[in-house]
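A.B. asks: My questions are about this predicted structure, shown below with the sequence.
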Amino acid sequence: MQTFTEITLCAVLLAFGLASIQVHTNGVAKTARADDDRRVLSELNRKFINNFLTQDAKAHSEIIHSDFVCIESNGAIVSRETYLKNWATDYANSGYTTFRYAEEFIRLFGNMALVRAKTIYTKNDAGRSVEGYTIYTDTYLKENGKWKCVQVQITPVK
């Protein structure tokens with residue numbers, strides 16, 4: 001149980017924007033800040049996919065961490081430098097005729113977050129149209145108030 005002094009201190013801190021509101025559910029504190037982080041991460045995920053579709057390596061460079069790596073669907077580990085170089089042409093070279101994401105799920109762990117979603121695509125493979133999907137998990141790190149993607153892992157689904 002909180003004392004009158006603790007409640008008063010919390011009210012003062014909230015008034016000056018120095019604390020976030022906490023709501024306790026099943027013993028786990030959820031903050032308004034966590035909801036804001038989820039919104040930011042969801043927007044970064046949208047930008048991530050848009051950068052792929054538009055092959056915008058410059059904009060993409062701004063949302064991935066300096067220590068970024070990608071684990072591709074074939075298990076290859078790709079450095080940031082190679083990843084960005086390939087990013088500029090990957091969509092055009094992919095054979096995709098449609099590409100979108102769905103079922104986004106975001107988990108927060110302090111200054112780390114996992115963003116998972118399904119990509120659904122149609123692609124031209126040797127003259128025939130093939131539909132499929134992958135599941136990806138992007139790992140984000142929050143530094144200096146900004147979320148940056150540090151690792152991507154793509155898993156093909158048969």
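C.D. replies: Everything's here; your move. Numbers count the residues shown, from 1 in each chain.
A.B. asks: contacts and neighbour counts: CA atoms only from here.
C.D. replies: Will do.
A.B. asks: residues near residue 58, how many?
C.D. replies: 12 (other Cα atoms under 10 Å).
A.B. asks: Show me how far the one helix or strand it maps to is from its chain's centre.
C.D. replies: Secondary structure from DSSP states H and E places residue 58 in helix 57-61. Distance of helix 57-61 from the chain centroid (Cα atoms, centre = their mean, to the nearest Å) equals 15 Å.
A.B. asks: Would you mark the buried spots in that helix?
C.D. replies: Residues of helix 57-61 classed as buried by neighbour count (16 or more other Cα atoms under 10 Å): 57, 60, 61.
A.B. asks: just checking, the first one touches residue 91?
C.D. replies: Okay, so that is residue 57. No - with contact defined as Cα atoms under 8 Å, residue 57 and residue 91 do not form a contacting pair (11.5 Å).
A.B. asks: Identify the residues contacting the helix or strand containing residue 121?
C.D. replies: According to DSSP H and E, residue 121 maps onto strand 112-125. Contacts to strand 112-125, defined as Cα atoms under 8 Å, 6 or more residues apart in numbering, come from residues 41-42, 45, 94-108, 129-142.
A.B. asks: Please narrow those to those residing in strands.
C.D. replies: 96-108, 129-142 (DSSP state E).
A.B. asks: If any of those are buried, put those into a ChimeraX selection.
C.D. replies: ChimeraX command restricting these to the buried ones, with burial defined by 16+ other Cα under 10 Å:
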select :96,99,101,104,106,133,134,135,136,137,138,139,140,141,142
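A.B. asks: Please enumerate the shared neighbours of residue 57 and residue 91.
C.D. replies: With the criterion set as Cα under 8 Å, 6+ apart, the contacts of residue 57 and residue 91 do not overlap.
A.B. asks: Could you list the low-confidence segments of the protein?
C.D. replies: Along the chain, the parts satisfying pLDDT under 70 run over 1-30.
A.B. asks: Give me the distance between residue 144 and residue 72.
C.D. replies: Distance, residue 144 to residue 72, using Cα to Cα, to the nearest Å: 28 Å.
A.B. asks: Where is the longest helix in this structure?
C.D. replies: Using DSSP state H, we find that the single longest helix of the chain is helix 32-54.
A.B. asks: Specify the angle between that one and strand 112-125 in degrees.
C.D. replies: In terms of direction (axes from the mean of the first three to the mean of the last three Cα atoms, to 10 degrees), helix 32-54 departs from strand 112-125 by 20 degrees.
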